[in-house]
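# Just need the structure, nothing else, for what follows:
(one chain, ligands or ions: 1)
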Amino acid sequence: MMPTITTFEQSPDRGRGMARDMPVRWALEEVDCPYRVRFVSFHAMKEAPHRALHPFGQIPTFEEGGLVLFESGAIVWHIAERHEGLLPRDEAARARAVAWMFAAVSTLEPSIVEREIATYLERDESWYEQRLPAVEGRIRSRLADLSDRLAEADWLDGGFSAGDLLMIQVLRRLGGSGLLGAFPNLSAYVARGEARPAFRRAYDAQRADYLRNAAA
Ligand SMILES: N[C@@H](CCC(=O)N[C@@H](CSCc1ccc([N+](=O)[O-])cc1)C(=O)NCC(=O)O)C(=O)O
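Below is the predicted model:
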């Protein structure tokens, strides 16, 4: 059964693979699972039919048979549990890889999203200039700890896993911020992930969708 994911009809990331359908597409490509895409407009995302799939009126969602999932991290985990290639078979290594999945979305991502909200929505606030350094300081602290742990390894814990996939997608959101440049091993880590054939297929697919919908 081929799964169906939902994503933006017109992604605000303009095809740069920053929205959270990207990690789901990447995971599906890593396990060679073909999938369908259903596009939803900003308006339709908030209407009852989509909210029946996603209680917060967002993307992505994942439908397969009678199963409906939301939360990109949970969707990636579901894919990784049912296909080889994203989680180690060894029980302890598998548990550590899942810990890195949670670290990506709940230890690294929040301060990065906080900076996005500040720079996209709070730039005109009187306190913006004063607050941004504190926000970026929290990101730098997490990046320093991650850089120390990764050191010169290719991936966070042995082979490439869903933990790396989610972590690299989170770090990609810092593109253009200048924050990652202070940690050359993290920049190389992101580039290593982006060089993976599965990443390229996922990236090219989401970009082709964006360009086709923008031209329609
Ligand atoms: N925790 C949830 C968060 C889902 C979420 O934030 N979805 C966003 C899109 S991905 C977040 C995102 C959006 C845009 C960019 N960008 O670069 O333009 C990057 C990331 C959404 O539907 N937003 C519409 C809404 O909330 O009304 C998950 O991981 O699935």
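
# Buried residues of stretch 125-138, list them for me.
By 16 or more other Cβ atoms under 10 Å, the buried positions in stretch 125-138 come out as 135, 136. (Each C-beta comes from the backbone N, C-alpha and C, glycine too.)

# Need the pLDDT of the residue in the chain sticking out farthest from the centre.
Going by Cα atoms, centre = their mean, the residue of the chain most distant from its centre is residue 126, 31.3 Å out. With respect to pLDDT, residue 126 has a value of 94.

# just checking, it is part of a strand?
No - counting by DSSP: H, G, I helix; E, B strand; the rest coil, residue 126 is not part of a strand but coil.

# Kindly report the residues of this structure close to the ligand.
Residues of the chain lying near the ligand by Cβ under 6 Å from any ligand atom: 12-13, 18-20, 45, 57-60, 71-73.

# Just the buried subset of those residues, please.
Judged by 16+ other Cβ under 10 Å, buried ones among the residues of the chain next to the ligand: 13, 18, 19, 20, 45, 58, 59, 60, 71, 72, 73.

# Closest one to residue 34 out of the residues of the chain next to the ligand, please.
Of all those, residue 34 sits closest to residue 60, with 16.2 Å by Cβ to Cβ.

# From what I see, the closest one and residue 26 are in contact.
No - the criterion here is Cβ atoms under 8 Å, and residue 60 misses it with residue 26 at 11.7 Å.
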